[in-house]
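Enquirer: Here is my input; please provide its structure:
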Amino acid sequence: MAQSKVDVLLGLQWGDEGKGKVVDVLTPGYDVVARFQGGPNAGHTLEFDGKKFVLKSIPSGVFQGNKVNIIGNGMVLDAALFKAEATSLEAAGVNLRERLLISKKAHLILPTHRLLDSAIESSKGSGKVGTTGRGIGPTYTDKVARTGLRVGDLLTPDFERKYGEAKAAHERILKSLDYEYDLSQTEAAWRDGLEYMRQFRFVDSEHCVNNMLRDGKTILCEGAQGTMLDIDFGSYPFVTSSNTVCAGACTGLGIAPGRIGRVFGIMKAYCTRVGSGPFPTELFDNDGKLLSERGNEFGAVTGRPRRCGWVDLVALKYAVRLNGVTDIILMKSDVLDTFPTVKACVAYQLPDGTETDEFPFDCEGAKPVYEEFAGWKTGLCGLKSEDDFPEEFNQYISFLEEYLETPVSIISVGPDRNQTIFRGK
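Expert: This next block holds a predicted model:
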């Protein structure tokens, strides 16, 4: 019997593409949903039945029946934030303890990691990366330095010794940065969160996932952030601390590359970015303001306003190639409903005067070369079928497919799970 493949869903831009909604929509077709990287710096928003939920560390499949949801080894967890997120879900009626498995190899965000995040970012002055301040970077730093603590360490008799050593090392750094802090309340909330976490099932997720595949189970891997924030391939140094690309699903869950099946790449019909870093198509005019207002572009976790611009097909083609995308999912097309003209960046003019359609080593200072399209000037939110799409919108979709050499399989025309159109069905 042929073994099952795992499908991967991830963002193709700078995050905030709408991954949470799509995972929720696709989950009925899978037995398992697994997160493979990132931590509580990423917020996946889901809206249905008049309710809104923002998930930060917990996979977005928890709302769909009795599916298994896995927090993989590639993730980092803050026990206090995990408890707050989990208890709010339980209060909403989600039977989380029956549905959620946590990898023993996932790393723990310590209270001092959050302090280090703020202290190090403050020390950078004008060179700030734009971190969320939730300790993600320092936790991954300790992981690479082989000094981190993992969920499985909670099961060992010498956990307190390990924690004490890590805390002392962090406090020496904080002292060298002359950073003033009070750890008492943060540490108390964290310890309370640890006790709560102990009620969940800790597993060797690499064995768990591969045994499920052997038994014919179907698995959807849920990425966080976006491809252009990948630590290796994003707009470094303005990136996150993990591998957000498809390969991260292999290392973040213990899956062999040959087990990857379909790769769903999510993109907005325009582009946004939170925090610092280059953004070639960023708009500072009324069009940018209108995108922000109509798209309600504020960070799900931080509340920070997102920078807005026209869609960047140079970066998107790069992302499609890196991830081996088989299906594109187009989000927030309805935000462009009122624009008389829609633009798409098809090349960059670099500071040295040359033009390229390949994403460069550094896109700082790159100027976009645009292709323009007639806007559809039609409300998409109420549409139920692709047969109802205005011709101008169909032309825009066809251009995306031709340029990116990948089919647009799913189109979202609103925030609710029911506002989703599967093309070709």
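
Enquirer: ranges for the helices of the stretch 251-400 of the chain?
Expert: 286-295, 313-323, 391-404 (DSSP state H, counting those that start in this stretch).

Enquirer: do the same with the stretch 1-150 of the chain
Expert: 19-26, 79-91, 96-99, 111-123, 136-145.

Enquirer: picking that back up, make TSV out of the helices of the stretch 251-400 of the chain and add mean pLDDT.
Expert: As requested, the helices of the stretch 251-400 of the chain are exported to TSV (pLDDT from 0 to 100):
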stretch	mean pLDDT
helix 286-295	93
helix 313-323	98
helix 391-404	97
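
Enquirer: Highest mean neighbour count out of those?
Expert: helix 313-323 (a mean of 23; mean count of other CB atoms under 10 Å). Every residue, glycine included, has its C-beta placed from N, CA and C.

Enquirer: circling back to that earlier point, out of the helices of the stretch 1-150 of the chain, which comes closest to Lys343?
Expert: With CB to CB, the closest approach to Lys343 among the helices of the stretch 1-150 of the chain belongs to helix 19-26: 24.6 Å.

Enquirer: Quick one: list the elements packing against the closest one.
Expert: strand 6-11, strand 44-48, strand 219-222, strand 260-268, strand 327-331, strand 408-412, strand 420-422 (3 or more CB pairs under 8 Å, 6 or more residues apart in numbering; DSSP states H and E).

Enquirer: neighbouring strands for the first one, and are they parallel or not?
Expert: Neighbouring strands of strand 6-11 in its sheet, by DSSP bridges, are strand 219-222 (parallel), strand 260-268 (parallel).

Enquirer: So which of those strands is the most surrounded?
Expert: Most buried of the strands paired with strand 6-11 by mean neighbour count (mean count of other CB under 10 Å) is strand 219-222; its value is a mean of 27.

Enquirer: before we move on, the earlier item: now render the helices of the stretch 251-400 of the chain as CSV, adding distance to Gln419.
Expert: Formatted as CSV, the helices of the stretch 251-400 of the chain follow (distance: least, CB to CB, whole Å):
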stretch, distance to Gln419
helix 286-295, 14
helix 313-323, 23
helix 391-404, 15
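
Enquirer: Any idea which of those gets closest to Ser103?
Expert: Across the helices of the stretch 251-400 of the chain, Ser103 has its closest neighbour in helix 313-323 (22.6 Å, CB to CB).

Enquirer: Which neighbouring elements make contact with that closest one?
Expert: strand 260-268, strand 341-349, helix 391-404.

Enquirer: The same query, at a cut-off of 10 Å, please.
Expert: Applying 3 or more CB pairs under 10 Å, 6 or more residues apart in numbering; DSSP states H and E, we find helix 313-323 packed against strand 6-11, helix 247-253, strand 260-268, strand 271-273, strand 341-349, strand 367-374, helix 391-404.

Enquirer: List the neighbouring strands of the shortest one plus their orientation.
Expert: The strands beside strand 271-273 in its sheet (DSSP bridges) come out as strand 307-309 (antiparallel).

Enquirer: what's in contact with the strand it pairs with?
Expert: With contact meaning CB atoms under 10 Å, 6 or more residues apart in numbering, strand 307-309 is reached by 14, 268, 270-277, 279-284, 287-295, 297, 335, 343, 345, 368.

Enquirer: Return the distance of that strand from the chain's centre.
Expert: Taking CA atoms, centre = their mean, to the nearest Å, one finds strand 307-309 lying 18 Å from the centre of the chain it belongs to.

Enquirer: Look up which helix or strand the closest residue in space to Thr147 that isn't next to it in sequence falls in, please.
Expert: Counting by CB to CB, 6 or more residues apart in numbering, the nearest residue to Thr147 once its immediate chain neighbours are dropped is Ala166, at 6.4 Å. In this assignment (DSSP states H and E), Ala166 forms part of helix 159-176.

Enquirer: any weak-confidence spans in the protein?
Expert: In the predicted model, the chain carries pLDDT under 70 at residues 1-3, 42, 46-50, 125-132, 299-302, 425.

Enquirer: residue with max distance from the center of it?
Expert: Going by CA atoms, centre = their mean, the residue of the chain most distant from its centre is Pro157, 34.7 Å out.

Enquirer: Which phi and psi values does that residue adopt?
Expert: Main-chain dihedrals, Pro157, degrees, to the nearest 10: phi -70, psi -20.

Enquirer: How much space separates it from Asp230?
Expert: Separation of Pro157 from Asp230 (CB to CB, to the nearest Å) stands at 38 Å.

Enquirer: same deal with Cys363?
Expert: Counting by CB to CB - Cys363 and Asp230 are separated by 14 Å.

Enquirer: For those two, work out which one has more neighbours and name it.
Expert: Shown here are Cys363 and Asp230; by other CB atoms under 10 Å, Asp230 has more neighbours (25 against 19).

Enquirer: To Cys208, which of the strands paired with strand 6-11 lies closest?
Expert: Cys208 lies closest to strand 219-222 among those, at 10.3 Å (CB to CB).

Enquirer: who's in contact with the residue nearest in space to the middle of the chain?
Expert: The chain has Ala224 as the residue nearest its centroid, 1.9 Å off, counting by CA atoms, centre = their mean. Contact partners of Ala224, counting by CB under 10 Å, 6+ apart, are 10-11, 15, 19-20, 35-44, 55-57, 74-75, 240, 242, 244, 248.

Enquirer: Could you do Glu293 as well?
Expert: Cys308, Val335.

Enquirer: gap between it and Gly234?
Expert: Taking CB to CB, one finds Glu293 at 27 Å from Gly234.

Enquirer: just Leu213 next, same as before
Expert: Leu213 is 29 Å from Gly234, by CB to CB.

Enquirer: These two: which is more packed in?
Expert: Taking neighbours as other CB under 10 Å, Leu213 and Gly234 compare with Gly234 leading, 22 against 19.

Enquirer: if we can go back for a sec, please convert the helices and strands packed on helix 313-323 to CSV, extending it with distance to Asn66.
Expert: Shown next, in CSV, are these (distance: least, CB to CB, whole Å):
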stretch, distance to Asn66
strand 6-11, 19
helix 247-253, 21
strand 260-268, 23
strand 271-273, 35
strand 341-349, 42
strand 367-374, 44
helix 391-404, 36
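
Enquirer: I'd like to know which of these lies nearest to Pro415.
Expert: Comparing the helices and strands packed on helix 313-323 by CB to CB, strand 260-268 comes nearest, at 12.7 Å.

Enquirer: Just the C-alpha atoms of the closest one, please, in PDB.
Expert: Extracted in PDB, the C-alpha atoms of strand 260-268 (Å, rounded to 0.1, in the frame of the first residue of the first chain):
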ATOM      1  CA  ILE A 260       5.700  16.200   0.600                       C
ATOM      2  CA  GLY A 261       2.600  16.200  -1.700                       C
ATOM      3  CA  ARG A 262       0.700  19.300  -2.600                       C
ATOM      4  CA  VAL A 263       2.100  22.700  -1.600                       C
ATOM      5  CA  PHE A 264      -0.500  25.400  -1.100                       C
ATOM      6  CA  GLY A 265       0.900  28.900  -1.400                       C
ATOM      7  CA  ILE A 266      -1.200  31.700   0.000                       C
ATOM      8  CA  MET A 267      -0.900  35.300  -1.400                       C
ATOM      9  CA  LYS A 268      -2.900  38.500  -1.000                       C
END
